[in-house]
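Asks: 3D model of this:
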Amino acid sequence: MARSWPILVAGFYALPAVDHSTCTGRDTRSSETRAGRARELTALELGVYMSLEGIAEAAGEIVAAARADDDVLGAARAELVRSDAIGRSGELENALALQQSIAVAAHRERAVRARAGFVLASTFFRLGMWAEAQDAVHDGVRLLDDSCPPHWGAEHHMALALYTSYDRAGPTDWELFEDALRRARLGDQPNLLLAVLNKFVWASQSDPLMQDRADELVDELEVLLERGPVRPPAAMLDTIAWIRVSQGRIDDADRLLERALASPQTEPNDDAALLAHLATVRHRQGRLGEATQFLETARVVALRARTPTLAVEALRHLAAIDADRGDFRRAYRRLSRFLTEQSDVGRAEAEHQATILQSVYGRQAERDQRLYYQELAMRDPLTRLFNRRHVERELPLLLRDGQVAVAMIDVDRFKQINDEHSHETGDKILVQLGALLQQHASTMAPDGFCARLGGEEFLLAAPVTTPPAAAASLEQLRERVATHRWSAVPASLHPTISAGLVVALDPGLEASAVIARADHLLYLAKRSGRNRVETAALGDRPRPSD
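Replies: Numbers count the residues shown, from 1 in each chain. So this is what the prediction gives:
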């Protein structure tokens, strides 16, 4: 299968356009294919916790097939897991740029935005941008809904627990960790449970009040790894080893770390961290020569992996070993070098982070400007409601799930108002009516919207529960307009509206057919005396006028 890379428009990732007018038949034909692709993506998303080998390549190959199938969620999931693997491999800035572009392009795709928030949080965290990570992970949890794969719940909630526990003014909220673990236990995903356990153990081992809980969890983690069908990843063996060190089980830690050196890696600094931890174990065993060798190697590996902080910390540990040997002169030189390198690394990391922040906010400014001009193109200049172009783009998306109320609304005798009271008065009525309609659409449903199609004609669309509920809501709107106290128009004017309401019950109905039926019902309302609502479910014959 050929590899497909992301579509970029003006520096931003673009989700593929979908012709929703033919989606129903196509989705039926490709449902099994999509289900299989979703299973592959789940395996890749959870596979990054066990090994990075082949993840980015496999995800890249899925993108082309998902695009050909108009599988927007599948294509975005594949790109996000590819970006996650890229970031975990050390290419954090490239991963960040791609993830931000996907988040921007997602627009109405709630599930994509949720996953983008989760993956962005991970990348921000690796870059040391904790505030940005916390903002992103809150989006990753807030946007979860039934359209998201089940394993995301445990992953996203664990990320929320982990990232909000850093730089925290008060004590860590361990219930967030427990909640994520409960979610992981509900599914049949061993890699997910391992990943959540690993993060919980690593976070809890530093809290003296959580030592007993950490001991319980690390025992479970070790048992699950031993029973698992794949080789345990280096990071998880390292976690267990570090807990064993704190328990005084030095020989067990030594065995685990030796094994971890030959295990799959999931982070670019795995080797350096393992060598440093192995040096700690050998130091405690009194094997100072071996500890020194491991630390010197760790410095080389850390610098090669572009993780200089680990290289600097190795110097401090080397100084401690020199002091234990009685070589205080060398220990002093090492500490002096440690302080110098620590200052240099801190300054370099601050400059690097400033460069990344400048890039991040530069992309955000470009995105905001682009969205601003897009918004202008979708708005009616008089009422600031959406226009016909917005309806053509958004109504088919809203109709995909069915149970949508679509109403064509017209101001009664509007030509007479313009002729007798001036076009300026007519415009004032349209502006105030627009505000009433938009407020009503948003109270019907968060995704509801209202648009001005031209002149005194409007369209209102919103998800609803039942046709009677939609009809009652439109009657309330009609009555509210009839009794409204209009501002800056002659007191003798009492504008009213007529409406044709269609409730599109079935998913995937064509927008043109729904609008045509609503327009016909509007005509009936006008012919029947105005200031009324005519209602039908799509497929029913229009009711005869009274």
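Asks: CA atoms for contacts and neighbours, from now on please.
Replies: Fine.
Asks: Is the residue nearest to Gly402 when sequence neighbours are not counted part of a helix or strand, or is it coil?
Replies: Distances taken as CA to CA, 6 or more residues apart in numbering put Pro507 closest to Gly402, at 3.8 Å, once the chain neighbours are dropped. Here Pro507 is coil, with the state taken from DSSP: H, G, I helix; E, B strand; the rest coil.
Asks: Which parts of the stretch 51-200 of the chain are helices?
Replies: Applying DSSP state H, counting those that start in this stretch to the stretch 51-200 of the chain gives helices spanning 55-68, 72-88, 92-106, 110-126, 130-142, 151-164, 174-186, 190-204.
Asks: how many neighbours does the residue nearest to Gly402 have?
Replies: By other CA atoms under 10 Å, 15 other residues sit near Pro507.
Asks: just Glu178 next, same as before
Replies: 17.
Asks: Identify the residues contacting it.
Replies: Not one residue lies near Glu178 by CA atoms under 8 Å, 6 or more residues apart in numbering.
Asks: so how far is Ala161 from it?
Replies: From Glu178 across to Ala161, the span is 9 Å (CA to CA, to the nearest Å).
Asks: what's the answer for Val533, then?
Replies: Shown here: Val533 relative to Ala161, a distance of 50 Å by CA to CA.
Asks: cool, and Ala272?
Replies: Applying CA to CA to Ala272 and Ala161 gives a distance of 27 Å.
Asks: weakest of the helices of the stretch 51-200 of the chain by average pLDDT?
Replies: Lowest mean pLDDT within the helices of the stretch 51-200 of the chain: helix 92-106, a mean of 86.
Asks: Quick one: list the elements packing against it.
Replies: strand 12-13, helix 72-88, helix 110-126, helix 328-377 (3 or more CA pairs under 8 Å, 6 or more residues apart in numbering; DSSP states H and E).
Asks: and these as JSON lines, adding mean neighbour count?
Replies: As requested, the helices and strands packed on helix 92-106 are exported to JSON lines (neighbours: other CA atoms under 10 Å):
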{"stretch": "strand 12-13", "mean neighbour count": "22"}
{"stretch": "helix 72-88", "mean neighbour count": "25"}
{"stretch": "helix 110-126", "mean neighbour count": "25"}
{"stretch": "helix 328-377", "mean neighbour count": "14"}
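Asks: Go through those and name the closest to Pro490.
Replies: Shortest separation from Pro490 across these is recorded for helix 328-377, at 31.6 Å, computed as CA to CA.
Asks: now stretch 299-311: mean pLDDT?
Replies: Averaged across stretch 299-311, the pLDDT comes to 86.
Asks: Touching that stretch from outside, list them.
Replies: Contacts for stretch 299-311 (CA under 8 Å, 6+ apart): 90, 268-269, 271-273, 298, 312, 314, 342, 345.
Asks: How far away from the center of its chain is it?
Replies: 31 Å (CA atoms, centre = their mean, to the nearest Å).
Asks: Buried ones in it, by neighbour count?
Replies: Residues 299, 301-303, 305, 307-311 are the ones in stretch 299-311 that count as buried (16 or more other CA atoms under 10 Å).
Asks: what's the farthest-apart pair in those?
Replies: Across the buried residues of stretch 299-311 (CA to CA), the longest gap, 11.7 Å, separates Val301 and Thr309.
Asks: Do a quick rundown of the helices in the stretch 351-500 of the chain.
Replies: Taking DSSP H, counting those that start in this stretch, the helices of the stretch 351-500 of the chain run over residues 388-399, 414-421, 423-444, 467-482.
Asks: roughly how far out does the third one sit from the chain middle?
Replies: Helix 423-444 has its average C-alpha position 34 Å from the chain's average C-alpha position, going by CA atoms, centre = their mean.
Asks: Identify all contacting residues around it.
Replies: In contact with helix 423-444 (CA under 8 Å, 6+ apart) are residues 382-383, 385, 414, 417-418, 448-450, 452, 456, 460-464, 473, 477, 481, 486, 488-489.
Asks: make it 6 Å
Replies: For helix 423-444, the surrounding residues in contact (CA atoms under 6 Å, 6 or more residues apart in numbering) are 383, 418, 448-450.
Asks: Just those: which are in strands?
Replies: 449-450 (DSSP state E).
Asks: Same list as before, the contacts of helix 423-444 that is, but in CSV and with pLDDT included.
Replies: Output for those, formatted as CSV (pLDDT from 0 to 100):
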residue, pLDDT
Thr383, 93
Asn418, 91
Gly448, 88
Phe449, 93
Cys450, 95
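Asks: Just the buried ones from the contacts of helix 423-444?
Replies: 383, 448-450.
Asks: Okay, now the unreliable bits of the chain?
Replies: 1-30, 107, 167-169, 353, 357, 359-368, 370-375, 539-546 (pLDDT under 70).
Asks: now the end-to-end length of stretch 441-456.
Replies: Start-to-end, stretch 441-456 (CA to CA) is 17 Å.
Asks: contacts for stretch 510-522?
Replies: 21, 396, 407-408, 499-502, 534.
Asks: Return the member of those nearest to Val141.
Replies: Among these, and counting by CA to CA, the member closest to Val141 is Pro396, at 27.0 Å.
Asks: Give me the neighbour count for that closest one.
Replies: 19.
Asks: same check, this time on Thr33
Replies: Residues lying near Thr33 (other CA under 10 Å) number 14.
Asks: Can you tell me the element it falls in?
Replies: helix 23-47 (DSSP states H and E).
Asks: Could you pull up phi and psi at Val281?
Replies: Per-residue torsions, Val281: phi -60, psi -50 (degrees, to the nearest 10).
Asks: That one: neighbour count?
Replies: 24.
Asks: How about Gln134?
Replies: So Gln134, with other CA under 10 Å, has 26 neighbours.
Asks: if I pick it, what's in contact with it?
Replies: By CA under 6 Å, 6+ apart, the contact set of Gln134 is Tyr163.
Asks: Can we start the residue count at 10 from this point?
Replies: All right, first residue 10 from here; so that's Gln143.
Asks: If the spatially closest residue to Arg487 that is not a sequence neighbour is in a bridge, with which residues?
Replies: Leaving aside its sequence neighbours, Arg487 sits nearest to Ile506 (CA to CA, 6+ apart; 6.3 Å). Beta bridges link Ile506 to Val420, judged by DSSP bridges.
Asks: Isn't Ile506 up against Val542?
Replies: No - shown here, Ile506 and Val542 do not form a contact pair, counting by CA atoms under 6 Å, at 8.6 Å.
Asks: any idea how far Ala323 is from Phe347?
Replies: 9 Å.
Asks: no, scratch that, I was asking about Val290
Replies: 14 Å.
Asks: can you check Glu401 too?
Replies: 61 Å.
Asks: quick one, which of those two is more surrounded?
Replies: Higher neighbour count among Glu401 and Ala323: Ala323, with 28 against 12, using other CA under 10 Å.
Asks: ok so the more buried one is a helix residue?
Replies: Yes - per three-state DSSP, Ala323 lies within a helix segment.
Asks: burial of the closest residue to it other than its chain neighbours, as a residue count?
Replies: Residue nearest to Ala323 in three dimensions, not counting chain neighbours: Leu304, with 5.7 Å by CA to CA, 6+ apart. Using other CA under 10 Å, Leu304 has 27 neighbouring residues.
Asks: dump the residue contacts of Ser291.
Replies: That one is not Ser; residue 291 is Arg. By CA under 6 Å, 6+ apart, the neighbours of Arg291 are Ala300.
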